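Undergrad: This is a predicted model, with the sequence first.
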2 protein chains.
Amino acid sequence: MARVRKTVTIRDVAEDAGVSLQTVSRVVNGGPNVRPQLRDKVQAAIDRLGYVPSLAAQRMSGSRSYIILAINDRERTLADWRERRGTDWVDQMLLGGILTCSKHGYRMMVELVDTHSDHVERELGAALSALQPDGVILTPPHSENRLITALLAERAIPFARIGSDAPGAGIRLTMGDAGAAHLATTRLVQLGHKRIAMIAGPSQYSLSGWRIAGWRRALAEAGLPDEGLLEVGDFGFDSGIRAARTLLERNPDLTAIIASSDQMALAALEVARERGLDVPRDLSLVSFDNTPIVRFTQPPLTAVDQPIAETVARAIEHLIARAPGAEDGEVIEVAAALVERSSTAPAPDRG
Amino acid sequence: MARVRKTVTIRDVAEDAGVSLQTVSRVVNGGPNVRPQLRDKVQAAIDRLGYVPSLAAQRMSGSRSYIILAINDRERTLADWRERRGTDWVDQMLLGGILTCSKHGYRMMVELVDTHSDHVERELGAALSALQPDGVILTPPHSENRLITALLAERAIPFARIGSDAPGAGIRLTMGDAGAAHLATTRLVQLGHKRIAMIAGPSQYSLSGWRIAGWRRALAEAGLPDEGLLEVGDFGFDSGIRAARTLLERNPDLTAIIASSDQMALAALEVARERGLDVPRDLSLVSFDNTPIVRFTQPPLTAVDQPIAETVARAIEHLIARAPGAEDGEVIEVAAALVERSSTAPAPDRG
DNA sequence: ACCGATCTTGAGAGCGTTCTCAAGACTTGT
DNA sequence: ACAAGTCTTGAGAACGCTCTCAAGATCGGT
């Protein structure tokens, strides 16, 4: 039986190096005003003993908690997960978060919260009290929730809102939704398409509006109409089926669809198949999100890649470093990219 | 400007209820020996004030940290993520973990560790010192790593190893790999297949061996040969391409392949396509993992669904509850299921 | 009623860290 | 060489909680 090793504390290091606790603390935190010689001696002791400060104790002593909390929607996450749909937001956030946090000595935690329940405040409040995070990242639809932002403001916890339009406290980040929709639409225009429809997300999401705006602007610039070419879904597969059917029935001359989620794009692909339309020969398709599944459909889908991980990374850096310009109310835009695969092609020749 | 609310501490509750800190603590922790009347009074104060204990303070005072740490391989996770391949392990673990943890008042954190670097110990040691988790969950290949298990044993941190054969400390959990491979193979035998190949994972992974064993046993039971029908990949797409080509060239009468990962199954599908073989008419295909992508291929793949989330959930419950039978060295088996889709069919008639 | 055992409650220390503040060691300017 | 700063270091309190231990309240048996 190996003897259980006692935890190495700051006191052990102080004794080993023959200095006070305070000096060790200063060295650990890179504080100023420590003579180089002493600093080296302490650092040597730290390395030798393998000392790492206890997060809990650091938090206790009134300094930071070194925890960033990401809030996700429980219902949607669980549904995605249960149906093995791919929990894109969660893993993208988590990875972007973990990487960025660890770079700065922070940790990321994910909290699932019920958006629609009356006790959002209660649930979130409990998490905040327990964890006392140094920052919170809100994704849609939580980033649009007034109750939540008010709660965070009241507790003076810095937070970042991703994909929200609502003004107010907190840094805001967007993933260039309008620009991406504009880009995708313009690309389809270049390919000769004249009737380009959009299946949008629900209107409660600010990003739905941005995408519609980008699409409209591109159409207007090309002198193309948008009447009858917009349908609204809920990001899910079934809503995509309904929307795609409606669009294709109403517009016999439709040659391109932009869907506001991969699931809805998959649904559009399915509808095309059931109507005997070949993608991309008869119908071009662009989706939003670029989750792993769209690479393996037949054909692989052209998609707008949402830079979730990068956006979260940016959010975290502002949160912890209070990076220059991290004023409340500032808006940071991370650009999305269009990944062209095989679901887009020149418009069919209507000879 | 709303006034910033001060954190509610146990002291506030004690004052409000007119009792000592200790009594509040007992109520919060469900301690024994508190008169019902007093308990109710304290509970009322807790509810009124919205008190939630600080995790950091709890940890400090020598009790538990209420943190479960899951260790994942950094390299593999990052590669999966960068290529938008779907980080199945991460999100499945995370979700199973978050759900189970929150049910018991715990939190889950994910740590990415370099398996192949010499400083695994250093990296992991730092995480353990900082977080002081109450339990650690190890997935392959970390669950097979002696250095890691020794480190955890030395620090007396309970840990669970998923998918490892290596004896030693810690609870072990498997996802019924042998059984699942046996099940899949038997199903193919029932469909009339006589030449059933396997593309296995690397031999360092215990689960590779288990799957091969299950496959071999099923073949033996059916009186079928296994010579020349085994190829080894590294779970990745490219290795699957090589393995599938080799198998099909070497065995002209091959009618079924079981791949030990979704990526390798996708590769086999690709190879079938390039050789003009129709799946499932000419070749049946079964994959392992059942990540979201295999539902959207053409045809959708029959797959062994790895119950990662459930396994993690079980691991956590043993770790925190020290559930009955959580003896070190115990092995818990969670059964995997076969999800039949359209990549399997009766063996072609060799007339 | 009385004695010992058991319940219930509270007081005080301690967990590992950082914060505040004060004391001593150097500088610098004259 | 002396006063007035500036650096460097350390002592002690504080953070919010649970642990240990002791004191008072209550109970059961005679």
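TA: Happy to help now that I have it. Numbers count the residues shown, from 1 in each chain, chains lettered A, B, ... in the order given.
Undergrad: okay, CA-based contacts and neighbour counts for the rest of this
TA: Will do.
Undergrad: Could I get the buried residue list for the helix or strand encompassing A:Glu121?
TA: Using DSSP states H and E, A:Glu121 sits in helix A:120-131. Residues of helix A:120-131 classed as buried under the neighbour-count rule (16 or more other CA atoms under 10 Å in any protein chain shown) are A:120-121, A:124-131.
Undergrad: does any bit of that helix sit next to DNA strand D?
TA: No - against DNA strand D, helix A:120-131 shows no contacts by CA under 7 Å from any atom of the strand, the least distance being 8.0 Å.
Undergrad: and the helix or strand just after that helix, which strands flank it?
TA: Following helix A:120-131 in sequence order, the next helix or strand is strand A:135-138 (DSSP H and E). Sheet pairing of strand A:135-138 (DSSP bridges) gives strand A:67-73 (parallel), strand A:159-162 (parallel).
Undergrad: Of all these, which one is nearest A:Asp91?
TA: strand A:67-73 (11.1 Å; CA to CA).
Undergrad: and whichever helix or strand comes after that closest one, what other elements does it pack with?
TA: Sequence order places helix A:74-82 as the next helix or strand after strand A:67-73, per DSSP H and E. In terms of contacts (3 or more CA pairs under 8 Å, 6 or more residues apart in numbering or on different chains; DSSP states H and E), helix A:74-82 is packed against strand A:107-113, helix B:88-103.
Undergrad: Go through those and find the least confident stretch.
TA: Note on the helices and strands packed on helix A:74-82: lowest mean pLDDT is at helix B:88-103, with a mean of 84.
Undergrad: which residues sit against that helix?
TA: Residues outside helix B:88-103 that contact it (CA atoms under 8 Å, 6 or more residues apart in numbering or on different chains): A:78, A:81, A:87, A:90-91, A:110-111, B:68, B:72, B:77, B:107-108, B:110, B:291, B:308-310, B:312-313, B:316-317.
Undergrad: Domain map for chain A?
TA: A:10-53, A:67-175+A:308-335, A:177-305 (automatic domain parsing).
Undergrad: weakest of the ones you listed by average pLDDT?
TA: When I compare the domains of chain A, domain A:67-175+A:308-335 is least confident, with a mean of 84.
Undergrad: picking up where we left off before, may I see the buried residues of helix A:120-131 arranged in CSV, with distance to B:Thr139 as well?
TA: What follows is the buried residues of helix A:120-131, written out as CSV (distance: CA to CA, whole Å):
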residue, distance to B:Thr139
A:Val120, 33
A:Glu121, 35
A:Leu124, 30
A:Gly125, 32
A:Ala126, 30
A:Ala127, 27
A:Leu128, 30
A:Ser129, 31
A:Ala130, 28
A:Leu131, 26
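Undergrad: Out of those, which is nearest to chain B?
TA: Nearest to chain B out of those is A:Ala130 (CA to the nearest CA; 4.4 Å).
Undergrad: Am I right that the closest one is in contact with B:Pro53?
TA: Yes - contact criterion CA atoms under 8 Å: A:Ala130 and B:Pro53 qualify, at 5.8 Å.
Undergrad: which parts of chain A sit against DNA strand C?
TA: Residues of chain A lying near DNA strand C (CA under 7 Å from any atom of the strand): A:7-11, A:21-22, A:24-26, A:28-29, A:52-55, A:57-58, A:60-63.
Undergrad: cutoff 10 Å now
TA: A:6-14, A:20-31, A:51-65 (CA under 10 Å from any atom of the strand).
Undergrad: Next, count neighbours for A:Leu112.
TA: A:Leu112 has 22 neighbours, counted by other CA atoms under 10 Å in any protein chain shown.
Undergrad: Please name the residues that touch it.
TA: A:71-74, A:77.
Undergrad: Can you lay out the residues you listed as CSV showing neighbour count?
TA: Shown next, in CSV, are the contacts of A:Leu112 (neighbours: other CA atoms under 10 Å in any protein chain shown):
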residue, neighbour count
A:Ile71, 22
A:Asn72, 24
A:Asp73, 20
A:Arg74, 16
A:Thr77, 19
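Undergrad: Could you single out the nearest of the residues you listed to B:Arg211?
TA: A:Thr77 (31.0 Å).
Undergrad: Next, find the distance separating that closest one from A:Pro140.
TA: According to CA to CA, to the nearest Å, A:Thr77 and A:Pro140 sit 12 Å apart.
Undergrad: What is the helix holding A:Glu121 packed up against?
TA: strand A:107-113, helix A:146-154, helix B:55-60.
Undergrad: Tabulate the ones you listed (CSV), appending distance to B:Arg195.
TA: Shown next, in CSV, are the helices and strands packed on helix A:120-131 (distance: least, CA to CA, whole Å):
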stretch, distance to B:Arg195
strand A:107-113, 47
helix A:146-154, 59
helix B:55-60, 57
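Undergrad: most tightly surrounded among these?
TA: strand A:107-113 (a mean of 22; mean count of other CA atoms under 10 Å in any protein chain shown).
Undergrad: what subset of the residues of chain A next to DNA strand C is also close to DNA strand D?
TA: Filtering the residues of chain A next to DNA strand C for proximity to DNA strand D by CA under 10 Å from any atom of the strand leaves A:14, A:20-27, A:31, A:56-63.
Undergrad: any chance you could map the helices in the stretch 151-300 of chain A?
TA: Using DSSP state H, counting those that start in this stretch, the helices of the stretch 151-300 of chain A run over A:177-190, A:206-221, A:237-250, A:262-274.
Undergrad: Skipping adjacent residues, who's closest to A:Tyr51 in space?
TA: Distances taken as CA to CA, 6 or more residues apart in numbering or on different chains place A:Val8 nearest to A:Tyr51, at 5.7 Å, with adjacent residues excluded.
Undergrad: For the one you found, give its distance to A:Arg48.
TA: 11 Å.
Undergrad: Over to A:Thr7?
TA: 14 Å.
Undergrad: More neighbours: those two, which one.
TA: The residue with more neighbours, out of A:Thr7 and A:Arg48, is A:Thr7; 15 against 11, by other CA under 10 Å.
Undergrad: rewinding a little: return the most buried member of the strands paired with strand A:135-138.
TA: By mean count of other CA under 10 Å, these have strand A:159-162 as the most buried, with a mean of 28.
Undergrad: Can you give the contact residues for it?
TA: So strand A:159-162 is contacted by A:135-140, A:143-144, A:152, A:170-175, A:311, A:315, A:319 (CA under 8 Å, 6+ apart).
Undergrad: Likewise for stretch A:54-72?
TA: Outside stretch A:54-72, the residues touching it (CA under 8 Å, 6+ apart) are A:90, A:101, A:105-113, A:131-139, A:142, A:316, B:55-57, B:59-60, B:129-132.
Undergrad: So which residue is dead centre in chain A?
TA: Of all residues in chain A, the one closest to the mean position by CA atoms, centre = their mean is A:Ile308, 3.8 Å from it.
Undergrad: How about the contacts made by that one?
TA: Per CA under 8 Å, 6+ apart, neighbours of A:Ile308: A:89, A:92-93, A:96, A:175.
Undergrad: and the residue in the stretch 201-350 of chain A that DNA strand C sits nearest to, what is it in contact with?
TA: Residue nearest to DNA strand C within the stretch 201-350 of chain A (CA to the nearest atom of the strand): A:Ile320, separated by 14.2 Å. Shown in contact with A:Ile320 (CA under 8 Å, 6+ apart): A:134-135.
Undergrad: For it, what is the enclosing helix or strand?
TA: helix A:308-321.
Undergrad: circling back: pull the number of nearby residues for the residue nearest to A:Tyr51.
TA: 16.
Undergrad: Surely it touches A:Leu49?
TA: Yes - under the criterion of CA under 8 Å, A:Val8 makes contact with A:Leu49 at 7.1 Å.
Undergrad: Much appreciated, bye for now.
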